[in-house]
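**Q** What would the 3D arrangement of this be:
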Amino acid sequence: MGFIDQQEFKIIDGIDTLVDMCHGLAVDAGWWTSLDTGQPSDRNDGELFMLMVSEISEAMEAVRKNLMDDKLPERLGVEVELADCVIRIADYCGARDLDLAGAILEKLDYNRNRLDHKVENRLKQGGKKF
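**A** This is a model prediction of the structure:
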């Protein structure tokens with residue numbers, strides 16, 4: 001990683017805590033236990049990824065219809081659906097022992113220096129518009 005400072009240590013600690021919390025709560029709620037046997041269960045990656053996708057779809061629908069959330073009515077639907085997606089991602093990373101915090105910081109550092117992320121290159125013919 002190209003840079004580590006006090007703020008980044010806080011970010012790593014916060015994301016690591018979020019991953020541990022989300023996965024721990026999912027385990028406690030029985031999402032990682034077989035309903036048939038009561039034994040620990042290794043969930044299917046494809047199913048878990050599609051559950052993440054479904055949260056993004058629900059966020060899009062909330063934006064499209066300008067919806068408030070039905071369970072947290074003081075919150076925008078998009079906020080809650082994105083939170084659901086982050087929770088699912090953190091749970092997955094906790095279950096698979098993935099370093100989400102480190103990967104996020106390294107990817108941010110990499111993107112900061114990418115030529116195809118510079119405005120002057122995005123404006124060129126064939127440049128990334130979004």
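
**Q** Give the buried residues for stretch 82-100.
**A** The neighbour-count check on stretch 82-100 (16 or more other Cβ atoms under 10 Å) flags 82, 84-95, 100 as buried. (Glycine included, C-beta is placed from N, CA and C.)

**Q** Check stretch 60-73 too.
**A** Within stretch 60-73, the residues that count as buried by 16+ other Cβ under 10 Å are Ala62, Asp69.

**Q** and that stretch, C-alpha only, in PDB?
**A** In PDB, the C-alpha atoms belonging to stretch 60-73 read as follows (Å, rounded to 0.1, in the frame of the first residue of the first chain):
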ATOM      1  CA  MET A  60     -32.500   1.400  -7.600                       C
ATOM      2  CA  GLU A  61     -36.200   0.800  -7.200                       C
ATOM      3  CA  ALA A  62     -36.200   3.100  -4.100                       C
ATOM      4  CA  VAL A  63     -34.500   5.800  -6.100                       C
ATOM      5  CA  ARG A  64     -36.700   5.300  -9.100                       C
ATOM      6  CA  LYS A  65     -39.900   5.600  -7.000                       C
ATOM      7  CA  ASN A  66     -38.400   8.100  -4.400                       C
ATOM      8  CA  LEU A  67     -39.400   5.700  -1.600                       C
ATOM      9  CA  MET A  68     -38.900   5.900   2.100                       C
ATOM     10  CA  ASP A  69     -38.000   2.600   3.700                       C
ATOM     11  CA  ASP A  70     -40.900   0.500   4.900                       C
ATOM     12  CA  LYS A  71     -39.100  -0.800   8.000                       C
ATOM     13  CA  LEU A  72     -37.200   2.300   9.000                       C
ATOM     14  CA  PRO A  73     -39.700   5.000   7.700                       C
END
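
**Q** Any chance you could list what contacts that stretch?
**A** Stretch 60-73 is contacted from outside by Glu74, Arg75, Leu76, Gly77, Val78, Glu79, Val80, Glu81, using Cβ atoms under 8 Å, 6 or more residues apart in numbering.
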